[in-house]
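Undergrad: What shape does this take:
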Amino acid sequence: MPTNEQRLNVSVEAVKRLLIEAYTRYDQAFKAGDPDQRYWDGYLRALHHVLEMEGE
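TA: Okay, the predicted model is just below:
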């Protein structure tokens with residue numbers, strides 16, 4: 001890690017809580033035909049990327 005980068009201080013559990021909420025919101029939007037489902041899809045993908053970066 002370059003010396004000018006700061007670590008993000010967030011727990012894996014906190015990110016997982018966000019994922020649970022995001023999946024709930026995505027499902028609600030999908031079932032309602034709400035275009036916000038696209039937002040939640042992107043949010044979910046971003047959170048999964050954060051989890052994949054654990055330890056970097």
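Undergrad: Distance-wise, check residue 16 relative to residue 10.
TA: Counting by C-beta to C-beta, to the nearest Å, the gap from residue 16 to residue 10 is 11 Å. C-betas here are computed from N, CA, C, even on glycine.
Undergrad: Low-confidence stretches in this structure?
TA: 1-2 (pLDDT under 70).
Undergrad: which one's the longest helix in it?
TA: Longest helix in the chain by number of residues, with DSSP state H as the criterion: helix 12-32.
Undergrad: Now find how far off-centre that one is within its chain.
TA: 8 Å (C-alpha atoms, centre = their mean, to the nearest Å).
Undergrad: hmm, who's touching that helix?
TA: Outside helix 12-32, the residues that touch it by C-beta atoms under 8 Å, 6 or more residues apart in numbering are 34-37, 39-41, 43-44, 47-48, 50-51, 54.
Undergrad: Just the buried subset of the residues you listed, please.
TA: 37, 40, 43-44, 47 (16 or more other C-beta atoms under 10 Å).
Undergrad: how about those residues, which pair is most distant?
TA: For those, the maximum inter-member distance is 15.5 Å, found between 37 and 47 (C-beta to C-beta).
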